[in-house]
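Engineer: Give me a 3D structure for the following:
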Amino acid sequence: MAKIKFEHGLELEREKEGEYVMRFRAPQIKITPDLTGGHLKQAKKEVLLAVRSLIDKAIKVEEEKGEE
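Structural biologist: Here you go, the predicted model:
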């Protein structure tokens with residue numbers, strides 16, 4: 001069972017059977033409207049885009065398996 005831990009609560013785990021388990025926790029902090037808050041808001045969006053990218057790749061692999 002392979003486990004990859006990313007910073008800030010994102011974890012991806014691969015089970016023996018090929019199943020993937022992804023866990024992530026959104027930071028529970030109050031985002032202020034200043035420059036720091038803007039960076040934090042953008043970082044949260046980037047994490048979600050990264051998750052979307054992983055899901056899109058998994059879908060593509062499954063579609064390619066179906067074409068064989």
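Engineer: Quick one: residues contacting the spatially most central residue of the chain.
Structural biologist: With distances taken as Cα atoms, centre = their mean, the residue of the chain nearest its centroid is residue 51 (3.1 Å). Taking Cβ atoms under 8 Å, 6 or more residues apart in numbering as the criterion, residue 51 is in contact with 10, 22, 24. All C-beta spots, glycine's among them, are computed from the backbone N, C-alpha and C.
Engineer: what's the first one in contact with, if anything?
Structural biologist: Taking Cβ under 8 Å, 6+ apart as the criterion, residue 10 is in contact with 22-24, 47, 50-51.
Engineer: tell me which element residue 55 falls in.
Structural biologist: Taking DSSP states H and E as the criterion, residue 55 maps to helix 35-67.
Engineer: quick one on the thing from earlier: the residue nearest to the centre of the chain and residue 57, how far apart?
Structural biologist: For residue 51, the distance to residue 57 equals 11 Å [Cβ to Cβ, to the nearest Å].
Engineer: what do you get for residue 66?
Structural biologist: For residue 66, the distance to residue 57 (Cβ to Cβ) stands at 15 Å.
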